[in-house]
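Trainee: My questions concern the predicted model and sequence given below.
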Amino acid sequence: MAIDLLLGLQWGDEGKGKIVDVLTKKYDIIARFQGGPNAGHTLEFEGIKHVLHTIPSGIFHPKAMNIVGNGVVIDPVIFREELENLSPFDINVRDSLLVSRKAHLILPTHRLLDAASEKAKGSAKIGSTLKGIGPTYMDKTGRNGIRVGDIELPQWKEIYSALRDKHLTMIKNMNVVLDFNITDLDNAFYDAINYMKSSVTFIDSEAYLSTAQKNNQRILAEGAQGSLLDIDFGTYPFVTSSNTTAAGACTGLGVAPNKIGEVYGIFKAYTTRVGSGPFPTELFDETGETMGRVGHEFGATTGRARRCGWLDLVALKYAVEINGVTQLMMMKGDVLSGFEELKVCTAYEYRGKTIHHLPYSLNEKELTPQYTSLSGWEEDLTKMRDESELPATFNDYVAFIEDYVQTPISIVSVGPDRSQTIFRDLT
Ligand code: GDP
Ligand code: IMO
Ligand code: MG
């Protein structure tokens, strides 16, 4: 049976966690394929808000199996906190959460290297979440990393110490001042590893998923971050260090491209970005401020304020094409209620020409967004549950997007709660 993918199409925080939770009842397995604790996926139901960083967003459904794939990087200390946060909720983690032995581990010194690298960059910093993501993927591709399977070996502490010492030498050579106590960091890491070993099951996840496919189990691959943060196709160097696009699901889970079924692309009805880097449709005025306030645009991982702006259809179309999106899901339409006029970017003026694709650089000195204006809606959408209740101008906004990107929007989300989800009839 084919594996379906769910991906963010912008700069992350599109609402992936919410939609995975909504869709999980249709699936037997939810598998995260890349990223790590830089992600913050929010789920809301029964009046409680949950934020997951490494654990797949199907964890609250008793029948679903959740897999942390080989493409994910795991910080045992954060993973332990996440597991502990689940303890009040009667979840049998031992039976519903499996971790790939090939997933790489984030060491405390990876976090220090991340901080040192950002300090050394000064004003050119990436705006990393400082979770050690870049240095861990560097060790992975540099063939120096430590994997989950290594901590099952009797000599795992020696393997750990060798890499930690190498990192400490690198940090010394970077000439930046960092305040840390390595013994405390080591001990927290050792404790967390022991906790992880005693609470979750490690597996050869590619073999597990291959058998599951043969047995016709329904599998949903959950992405982290968004396409514009992809290491190859994002706004480099202001990106994360993994492939956040559809191809990342193949390498991050061991799934063949011809086994991919639906590709669900999630986007916000406007745009946000947290951290540094170009953002052509960013708003610095009251409109942007209103989007941030009404949409509670603060990072689920770092608490930082998210930058806000109009929907960029040129960038959205690019993401749809790169991922082969088959269905779109539009989030946070409720946040736009009350704007008389809505703008969407439909072209870029780039180096003196009008273009309709994402160029090599989104540098603001070379690129100006061109907008089309659409009418807004006054109605509060948050209590609506059926397509028939949606205002005409909202439907026009949706139809304009579908027409521009040539892909249907199957879900519109009108609030953070699981129940605030409207399925559109596409027949
Ligand atoms: P993710 O990283 O893609 O899972 O998204 P985040 O959880 O980081 O950010 C999305 C935020 O928007 C969370 O606070 C969600 O609870 C919230 N959210 C999701 N969908 C909607 C929606 O349709 N309307 C509103 N107002 N909030 C939403
Ligand atoms: P979810 O899965 C939004 C951003 C950071 C920074 C850049 C690099 O919740 O959508 P990193 O820590 O990866 O080195 O940071 O990427 N970033 C995210 N922005 N949502 C995320 O994840 C993000 N993960 C990383 O802010 O600009
Ligand atoms: Mg998030």
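Mentor: Nice, I can see it. Ligands and ions are numbered 1, 2, ... in the order given.

Trainee: Tell me the secondary structure at Gln225.
Mentor: coil (DSSP: H, G, I helix; E, B strand; the rest coil).

Trainee: From ligand 2, how far out is it?
Mentor: Counting by C-beta to the nearest ligand atom, to the nearest Å, the gap from Gln225 to ligand 2 is 4 Å. (Each C-beta comes from the backbone N, C-alpha and C, glycine too.)

Trainee: ok now do that residue, which residues does it touch?
Mentor: 8, 11-12, 34-35, 38-39, 240, 242, 244 (C-beta atoms under 8 Å, 6 or more residues apart in numbering).

Trainee: cool, and Met330?
Mentor: Applying C-beta under 8 Å, 6+ apart to Met330 gives the contacts 267-269, 398, 401, 409, 411-413.

Trainee: Who wins on neighbours among those?
Mentor: Most neighbours among these, by other C-beta atoms under 10 Å: Phe267, with 30 neighbours.

Trainee: Report whether the host helix or strand of that residue contacts ligand 1.
Mentor: Element membership for Phe267 (DSSP states H and E) is strand 260-268. No - if you take C-beta under 6 Å from any ligand atom as the test, strand 260-268 misses ligand 1, and the best it gets is 6.5 Å.

Trainee: pretty sure Lys317 contacts Val405?
Mentor: Yes - with contact defined as C-beta atoms under 8 Å, Lys317 counts as touching Val405 (4.7 Å).

Trainee: Just say helix, strand or coil for Arg143.
Mentor: coil.

Trainee: can you count the residues close to it?
Mentor: Neighbour count of Arg143, defined by other C-beta under 10 Å: 6.

Trainee: tell me the average confidence for the host helix or strand of Ser373?
Mentor: Assigned by DSSP H and E, Ser373 belongs to strand 367-375. If you average the pLDDT over strand 367-375, you get 97.

Trainee: Now the one residue in the stretch 151-300 of the chain that gets nearest to ligand 2: closest residue in space, sequence neighbours ignored.
Mentor: In the stretch 151-300 of the chain, the residue that lies nearest ligand 2 is Gly275 (2.1 Å; C-beta to the nearest ligand atom). Once flanking residues are discounted, Gly275 sits nearest to Gly127: 2.8 Å by C-beta to C-beta, 6 or more residues apart in numbering.

Trainee: Double-check the one you found against Val274; I have them as touching.
Mentor: Yes - between Gly127 and Val274 there is a contact at 7.2 Å, judged by C-beta under 8 Å.

Trainee: Show me which of the two is the more surrounded one.
Mentor: A side-by-side neighbour count of Gly127 and Val274, using other C-beta under 10 Å, places Val274 first with 22 against 15.

Trainee: Would you enumerate the residues in contact with Leu367?
Mentor: Going by C-beta under 8 Å, 6+ apart, Leu367 touches 278, 280, 348-350, 359, 361.

Trainee: 10 Å - rerun?
Mentor: When contacts are counted by C-beta atoms under 10 Å, 6 or more residues apart in numbering, Leu367 is found next to 278, 280, 314, 348-351, 355, 358-359, 361.
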